[in-house]
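Enquirer: Next comes the sequence, and after it the predicted model I'd like to discuss.
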Amino acid sequence: GVEDFRKRIMAERGITASQYRQSLTDQILLERVRDARINAEVARISDVEALQLLREEQQKTGATLTAEQSHARHILLRPAPNLTEKQALARLAAVRASIASGKTDFASAAREISQDGSASAGGDLGWAPAGQFVPEFEQQLDRLKPGQMSQPFLSRFGAHLVQLIERRTEPMTEAQQVAVARAALRERRSAQALQQW
């Protein structure tokens, strides 16, 4: 337990309870100062620096950065007083079975029951780069091959049924490339600042 751990540490180090508390306080303050220094260093990354890194990398490799995109559609049922999460999942399982057996198609089912803004478009979410959706949705989407449907699953928005239509790899826009370069610079600067600290 926590109390036993605290007593063991105090005994090993030969310190009192107040010295132990002071040691923890010092460690926490030191971490906060370190994090503040690192964050201040990382915050200074400009678009010019990101573009410069991007150009250097493109000259070395000669390649344009690309991003994988997914074209999917989904059906969303939001839990409500008259619909529990369990009931929503069961309803989507029945819809999935109906789609899989050919009794209905995904777009019609989405238009009929989905509670998402995409319902009128048959649940079509259009082309989206990786990372655009919440993690639970992304994980399900990543497991699918074109044409496949997920099993019903939950996210913070409710119960989903998703179908991957197709995947493609496209060149990144300049804004996306700058964001990637900025993230790479952030990582480098964080490591350098931590090393200097």
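Expert: Happy to help now that I have it. Note that this is a predicted model, so its numbers are computed, not measured. Residues are numbered from 1 along each chain as shown.
Enquirer: Can you pull the poorly scored residue ranges out of the chain?
Expert: Filtered on pLDDT under 70, the chain yields the residue ranges 41-43.
Enquirer: and the longest strand for it?
Expert: Among the elements of type strand in the chain, defined by DSSP state E, the one spanning the most residues is strand 158-171.
Enquirer: how close does Leu154 get to His71?
Expert: 23 Å (C-beta to C-beta, to the nearest Å). Where C-beta positions appear, they are placed from N, C-alpha and C, glycine not excepted.
Enquirer: count of residues packed around Phe137?
Expert: Close neighbours of Phe137, defined as other C-beta atoms under 10 Å, add up to 22.
Enquirer: what sits opposite the residue nearest to it when sequence neighbours are not counted in the beta ladder?
Expert: Nearest-residue entry for Phe137: Ser155, 5.5 Å, with adjacent residues in sequence omitted and distances by C-beta to C-beta, 6 or more residues apart in numbering. Per DSSP bridges, the residues bridged to Ser155 are Gly158.
Enquirer: so Ser155 touches Val134, yeah?
Expert: Yes. The pair Ser155 / Val134 is scored as a contact, 5.1 Å apart, by C-beta atoms under 8 Å.
Enquirer: which residues in this protein form helices?
Expert: For the chain, the helices defined by DSSP state H occupy 2-13, 17-42, 47-61, 85-100, 106-113, 135-143, 174-196.
Enquirer: For Ile75, find the nearest of those.
Expert: For Ile75, the closest of the helices of the chain is helix 106-113, at 4.8 Å, according to C-beta to C-beta.
Enquirer: Just the buried positions in that closest one, please.
Expert: Residues of helix 106-113 classed as buried under the neighbour-count rule (16 or more other C-beta atoms under 10 Å) are Phe106, Ala107, Ala109, Ala110, Arg111, Ile113.
Enquirer: quick one on the thing from earlier: have a look at Ser155 and Val134 and say which one is more surrounded.
Expert: Neighbours per residue (other C-beta under 10 Å) separate Ser155 from Val134, with Ser155 holding more: 16 against 11.
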